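Engineer: just need the structure, nothing else, for what follows:
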Amino acid sequence: QVQLVESGGGLVQPGGSLRLSCVVSEFITTYYTIGWFRQSPGKEREGLLCISGSDGSTYYTDSVKGRFTISRDNAKNTVYLQMNSLKPEDTAVYYCASSVKGEGDRFEVYEYDFWGQGTQVTVSS
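Structural biologist: Predicted coordinates:
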């Protein structure tokens, strides 16, 4: 079973930056799509962006385009989420997940097979 572990969350002021990491238990970053999601209290889990395993293509939703960036380091089995210009509405638990589905903009929860435990991001002054 694939295991994913997120880290890097915390408290940051509006306008600040954070980088989240997602370490994957197996060498799947070059085969599986890895996506980042977030969930705020009372809201559904929201897909944000993903990176294709086959060729590293990246896909972004409009809500984070221009502010968030996804990247990967295959040697470290790690996918990163760089978040800039953070806003209070970005406050949420952030999750990474893996999907066996191929290249494409995969932002739906049902498209993913394994999930990390989440890391809290709080944007507040």
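
Engineer: now the residue nearest to Tyr31 when sequence neighbours are not counted. Its backbone dihedrals?
Structural biologist: Closest residue in space to Tyr31, ignoring its immediate chain neighbours: Gly53 at 4.5 Å, by CB to CB, 6 or more residues apart in numbering. All C-beta atoms are positioned from the backbone trio N, CA, C, and that covers glycine. Note on Gly53: its backbone torsions stand at phi -70, psi -30 [degrees, to the nearest 10].

Engineer: give me the neighbour count for Gly53.
Structural biologist: 22 (other CB atoms under 10 Å).

Engineer: where does it land on pLDDT?
Structural biologist: At Gly53, the predicted lDDT confidence score is 84.

Engineer: correct me, but it touches Ile34?
Structural biologist: Yes. If you go by CB atoms under 8 Å, Gly53 and Ile34 touch, sitting 7.3 Å apart.

Engineer: helix/strand/coil for the residue most central in space within the chain?
Structural biologist: For the chain, the residue nearest the mean C-alpha position is Trp36 (2.2 Å; CA atoms, centre = their mean). Secondary structure, DSSP: H, G, I helix; E, B strand; the rest coil: Trp36 is strand.

Engineer: pull the contacting residues for it.
Structural biologist: Listed by CB atoms under 8 Å, 6 or more residues apart in numbering, the contact set of Trp36 reads 20, 22, 47-50, 68, 70, 79, 81, 94-97.

Engineer: so it versus Tyr94, what's the distance?
Structural biologist: Trp36 is 6 Å from Tyr94, where distance means CB to CB, to the nearest Å.

Engineer: overlap in contacts, those two.
Structural biologist: Contact criterion CB under 8 Å, 6+ apart; residues shared by Trp36 and Tyr94: Leu20, Leu81.
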